[in-house]
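K.L.:
any chance you could fold what I've pasted below:
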Amino acid sequence: MENQRNVSEFIFMGLSSDQKIQMFCFVFLFCYIVILVGNLLILVSIKCSVLFHQPMYYLLSHLSSMDICYTSCVTPTLISDLLLGRKTISYGNCMLQVFTMYFFGIIEVFVLTVMAFDRCVAICKPLHYMIIMTRTSCNLLIVAAWAGGAVHAFSQFSVIVTLPFCGPNEIDHYYCDIFPLLKVACTDTYVTGVLVVANSGMVALVTFVLLFGSYVIILFTLRNHSAEGRRKALSTCGSHIIVVTLFFGPSIFAYLRPPTTFPEDKIFSLFYTIIAPMFNPLIYTLRNTEMKKAIRKVSCQKIFSEEKHN
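P.N.:
Got it, this is the predicted structure:
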């Protein structure tokens with residue numbers, strides 16, 4: 001299709017045509033720093049404590065890694081575009097962004113689903129928990145998440161990379177997403193759009209059913225627990241439910257619908273590309289006593305080590 005591609009770069013129309021929106025680059029920069037620092041703090045605290053050997057926190061460390069990778073596909077570009085006033089991206093980098101966004105995004109969805117399964121086993125089968133959720137089982141589930149992300153990303157990428165782009169090159173978005181790209185392709189993209197929605201819709205539907213089913217089973221099982229047991233279980237699951245809602249809600253609006261674009265898409269995209277990854281470390285640390293203890297312990301060890309060195 002190279003002979004049908006005359007476009008060497010795309011121009012982002014950004015979040016808004018209002019030049020005052022550039023002031024928000026510092027807000028996004030702050031959010032990105034919070035994402036990096038918060039998730040790195042979780043990774044280091046889990047890795048350097050006994051929590052690393054517990055399946056729930058081992059999976060949480062993978063979620064933090066995906067948060068960093070996923071938001072780094074978009075946020076640095078958005079910040080630099082707003083700061084420098086440059087809103088162009090080469091064709092190759094645009095295609096790379098499409099692939100990485102779907103790759104890390106779907107891995108994060110699958111990791112969230114695995115975390116729901118982990119909580120379901122812990123609450124419903126507590127005596128068999130360590131037998132079912134062994135380190136080998138966790139690693140296999142993580143490998144499956146990566147494999148699923150690769151399959152989904154390659155399928156979406158193969159659809160968009162074969163499209164001809166020979167005319168308009170202005171994308172009504174702040175990053176390269178499939179629907180805005182379909183809009184500027186110089187061919188009829190209705191069938192392509194339906195395939196994209198069907199692909200994303202199948203993934204969203206399956207994961208939603210698994211997540212919903214897991215929490216129905218958890219709530220049903222908690223009826224037989226003591227009040228203290230219910231409180232502790234709901235506290236742990238509550239953090240996961242909040243994270244899932246922040247990530248899935250806007251994503252479902254963006255991808256489970258006819259293949260078209262709306263001005264509101266860019267605002268909803270902020271939720272699952274920046275806002276949800278920013279709140280994930282806050283939700284999992286502020287609502288989790290063990291994580292707070294691990295962070296304090298690692299911080300104290302670091303301070304003590306520096307004082308001893310000096």
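
K.L.:
what about Thr100, which helix or strand?
P.N.:
helix 91-124 (DSSP states H and E).

K.L.:
can you give me the buried ones in that helix?
P.N.:
Going by neighbour count (16 or more other Cβ atoms under 10 Å), the buried part of helix 91-124 is 91, 94-95, 97-123. C-beta coordinates here come from the backbone N, C-alpha and C atoms, glycine included.

K.L.:
quick check: next helix or strand after that helix?
P.N.:
For helix 91-124, the succeeding helix or strand toward the C-terminus, using DSSP H and E, is helix 129-132.

K.L.:
pLDDT averaged over that next one, what's the number?
P.N.:
Helix 129-132 carries an average pLDDT of 91.

K.L.:
can you name every helix or strand that that helix contacts?
P.N.:
The elements that helix 129-132 packs onto, with contact taken as 3 or more Cβ pairs under 8 Å, 6 or more residues apart in numbering; DSSP states H and E, are helix 91-124.

K.L.:
contacting residues around Leu246?
P.N.:
Counting by Cβ atoms under 8 Å, 6 or more residues apart in numbering, Leu246 makes contact with Phe271, Tyr272, Ile275, Ala276, Phe279, Asn280.

K.L.:
the helices in the protein, which residues?
P.N.:
Here the chain has its helices, by DSSP state H, at 25-47, 55-72, 75-84, 91-124, 129-132, 135-161, 178-184, 190-222, 227-255, 265-270, 276-286, 289-309.

K.L.:
so how far is the fourth one from its chain's centroid?
P.N.:
Pointing back at helix 91-124 there. Computed by Cα atoms, centre = their mean, to the nearest Å, the chain-centroid distance of helix 91-124 equals 6 Å.

K.L.:
other SSEs contacting it?
P.N.:
Packing partners of helix 91-124 (3+ Cβ pairs under 8 Å, 6+ apart): strand 9-12, helix 55-72, helix 129-132, helix 135-161, helix 178-184, helix 190-222, helix 227-255.

K.L.:
try 6 Å this time
P.N.:
Packing contacts for helix 91-124, counted by 3 or more Cβ pairs under 6 Å, 6 or more residues apart in numbering; DSSP states H and E, involve helix 55-72, helix 129-132, helix 135-161, helix 190-222, helix 227-255.

K.L.:
low-confidence ranges in the protein?
P.N.:
1-5, 16-24, 236, 253-264, 286-287, 299-310 (pLDDT under 70).

K.L.:
could you report the separation of Val44 from Val7?
P.N.:
43 Å (Cβ to Cβ, to the nearest Å).

K.L.:
er, Ile217 I mean
P.N.:
Between Ile217 and Val7 the computed distance is 50 Å (Cβ to Cβ).

K.L.:
show me the contacts for the residue nearest to Ile242 when sequence neighbours are not counted.
P.N.:
Excluding its sequence neighbours, the residue lying closest to Ile242 (Cβ to Cβ, 6 or more residues apart in numbering) is Ile283, at 5.4 Å. Residues near Ile283 by Cβ atoms under 6 Å, 6 or more residues apart in numbering: Ser239, Ile242, Val243.

K.L.:
with Arg119 instead?
P.N.:
Cys237.

K.L.:
again, 8 Å this time
P.N.:
Applying Cβ under 8 Å, 6+ apart, we find Arg119 in contact with Met56, Ser214, Ile218, Ala233, Thr236, Cys237, His240.

K.L.:
equivalent analysis for Tyr174, please.
P.N.:
Phe12, Gly14, Leu15, Val74, Leu78, Asp81, Lys266, Ser269.

K.L.:
let's go with 6 Å and repeat that
P.N.:
Here Tyr174 is in contact with Phe12, Gly14, Leu15, Leu78 (Cβ under 6 Å, 6+ apart).
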